[in-house]
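Asks: What shape does this take:
(one chain, ligands or ions: 1)
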Amino acid sequence: MKVKIDYLDKFRGTLFGVAIGDTLGHPFEGQTRAHVLSRFSNFEQFLQNNKFLFNTYTDDTQLTLHTAQALINGDGFDLKTFIKEYIKWLEDPPIGPGYGCYSSIRKLKQGIDWKQAASHSGGNGTVMRIAPIGLFYNKSLMELKNAAIQSSKITHLHPAGELGAVIIARAIAFLVNIAPKENFSLERLFEELISSINYAQNDIGDEFRQVLKEVHASVAMNLSLEAGLIKFSQIGVKKPYFIEEFMGKAFVHPYAMSTVACALFIFLSLKDSFKRCLYELATSGGDTDTVAAIGGSLIGAYKGFNEIPADLIDLIRDKKKILKIADELYAKYCQKYSPNNDNIQSLRK
Ligand SMILES: [Mg+2]
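Replies: The predicted structure is shown next:
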């Protein structure tokens, strides 16, 4: 018999996964994995002794919460509501913002049309905030794709930004439909991820599909974390963005493709342990807060809120606010899609 999915638990787990990953990863941003790992022999101990370092989340969580709020306010994706909500982020104020989001959202605030305001960045700023779209549209994959693409274009016009966002939104949609302790087929997951970007018949689309195949093969052969991170850290990054100095090292480049590859690789390699997965995401090197926010959303979507260790939840600021937004997003989702209804499968196309 199929286990009934507790979608509320999955919504909460996903948003908390983002916040926990972001909070654990941000003190290490911009450092190589080798440097990060040289700072301690036991991460858990380091965390206990240095709680002051892990005292906030950053732009990844802020924009994820604004994405969720925009879906709530707009009854789903609505361009104007999204723009309005992202402009509100400037008043939070932004914590450790990335270039692509910050530059374009400041222009939006000046009243510049989004097509002119959007950056040409292929950075991971679209992917780090996409989880709520994966949650809200998990029963309606056409709407999921359209919302992921349109919400990305508000700030990032480079195709890698939207493709990364579509892939992670689709992964979230896949994972919330798996019971927390149920195993799932890697083949099925990658088939879905690759088919989600089949619409992109361009070079970046080809590269992304190839990278997904390589991540799949690496997880299937149990490639070590170190080898995988070295392999995927700068995958797809081109001149002049490629960082010569970090060749052969684990340092995740903030490009959408390399970030998605590393987050998926670490999550799938360590999906059985929430803590281990989060600790390795946070210490992956390079853009650690974003890799861990995205990887955190994946394991949160898979395991749900009830499986998250209490000490990690305690670490997070604004717990009540995150819980409230998760619950309101879920309520809006129920109004629209009635989860656990047997007819929902017909909506998955
Ligand atoms: Mg950040």
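
Asks: ok, the closest residue to the ion within the chain - contacts?
Replies: Nearest residue of the chain to the ion (C-beta to the ion) works out as residue 58 at 3.4 Å. In this view, the C-beta of every residue, glycine as well, is placed from N, C-alpha and C. Listed by C-beta atoms under 8 Å, 6 or more residues apart in numbering, the contact set of residue 58 reads 22, 26, 95, 96, 289.

Asks: How much space separates it from residue 98?
Replies: 9 Å (C-beta to C-beta, to the nearest Å).

Asks: next one: residue 319
Replies: 25 Å.

Asks: More neighbours: those two, which one.
Replies: The residue with more neighbours, out of residue 319 and residue 98, is residue 98; 24 against 13, by other C-beta atoms under 10 Å.

Asks: Residue 272 in helix, strand or coil?
Replies: Judged by DSSP: H, G, I helix; E, B strand; the rest coil, the three-state class of residue 272 is coil.

Asks: Ramachandran coordinates for it?
Replies: In terms of degrees, to the nearest 10, the main-chain angles of residue 272 are phi -80, psi -20.

Asks: Tell me which helix or strand the closest residue to residue 40 other than its chain neighbours sits in.
Replies: Once flanking residues are discounted, residue 40 sits nearest to residue 46: 3.8 Å by C-beta to C-beta, 6 or more residues apart in numbering. Assigned by DSSP states H and E, residue 46 belongs to helix 43-49.

Asks: chain center to that helix: distance?
Replies: Relative to its chain's centre, helix 43-49 lies at 25 Å (C-alpha atoms, centre = their mean, to the nearest Å).

Asks: cool, stretch 37-56 as well?
Replies: For stretch 37-56 - counting by C-alpha atoms, centre = their mean - the centre lies 23 Å from the chain centre.

Asks: if we can go back for a sec, what helices or strands is the next helix or strand after the helix holding residue 46 leaning on?
Replies: With elements assigned by DSSP H and E, the helix or strand that comes after helix 43-49 is helix 59-74. Under the contact definition 3 or more C-beta pairs under 8 Å, 6 or more residues apart in numbering; DSSP states H and E, helix 59-74 sits against helix 7-25, helix 79-89, helix 99-109, helix 131-136, helix 288-303, helix 319-337.

Asks: pLDDT on the third one, on average?
Replies: Averaged across helix 99-109, pLDDT comes to 95.

Asks: Same check on the second one?
Replies: pLDDT averaged over helix 79-89 equals 98, rounded to a whole number.

Asks: any idea how far residue 137 is from the spatially most central residue of the chain?
Replies: In the chain, the centroid-proximal residue (C-alpha atoms, centre = their mean) is residue 294; its distance is 2.7 Å. To residue 137, residue 294 is 17 Å away according to C-beta to C-beta.

Asks: interface residues of the stretch 151-300 of the chain facing the ion?
Replies: residue 289 (C-beta under 5 Å from the ion).

Asks: what ranges do the helices span in the stretch 151-300 of the chain?
Replies: Assigned helices in the stretch 151-300 of the chain, in chain order: 159-176, 186-196, 203-220, 225-232, 256-269, 274-282, 288-303 (criterion: DSSP state H, counting those that start in this stretch).

Asks: what's the spacing between the closest residue to residue 3 other than its chain neighbours and residue 306?
Replies: Counting by C-beta to C-beta, 6+ apart, residue 3 lies nearest to residue 179, which is 4.0 Å off, once chain neighbours are set aside. Note on residue 179: its distance to residue 306, by C-beta to C-beta, is 12 Å.

Asks: more neighbours, those two?
Replies: Per other C-beta under 10 Å, whichever of residue 179 and residue 306 has more neighbours is residue 179, with 15 against 11.

Asks: Just give the nearest non-adjacent residue to residue 275, would you?
Replies: For residue 275, the spatially nearest residue (C-beta to C-beta, 6+ apart) is residue 309, at 5.9 Å.

Asks: Now residue 130, what are its backbone angles?
Replies: According to degrees, to the nearest 10, residue 130 has phi -90, psi -20.

Asks: From residue 276, how far out is the closest residue to residue 303 other than its chain neighbours?
Replies: In this structure, residue 303 finds its nearest non-sequential neighbour in residue 180, 5.0 Å apart by C-beta to C-beta, 6+ apart. Separation of residue 180 from residue 276 (C-beta to C-beta) stands at 16 Å.

Asks: cool, residue 86 as well?
Replies: 34 Å.

Asks: coming back round to it: which of the contacts of residue 58 has the most neighbours?
Replies: residue 22 (31 neighbours).

Asks: Could you tell me what pLDDT the model assigned to it?
Replies: 98.

Asks: Let me see the contact set for it.
Replies: Per C-beta under 8 Å, 6+ apart, neighbours of residue 22: 57, 58, 60, 61, 289, 290, 292, 293, 296.

Asks: give the contact list for residue 15.
Replies: Residue 15 is in contact with 64, 65, 68, 131, 132, 297, 300, 322, 325, 326, 329, counting by C-beta under 8 Å, 6+ apart.

Asks: can you pull the contacts of the fifth one?
Replies: It refers to residue 132. By C-beta under 8 Å, 6+ apart, the neighbours of residue 132 are 14, 15, 64, 67, 68, 71, 329.

Asks: want to throw the residues you listed into TSV with pLDDT and distance to residue 251?
Replies: Putting the contacts of residue 132 into TSV (pLDDT from 0 to 100; distance: C-beta to C-beta, whole Å) gives the following:
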residue	pLDDT	distance to residue 251
14	98	27
15	98	28
64	98	24
67	98	27
68	98	30
71	98	33
329	98	34
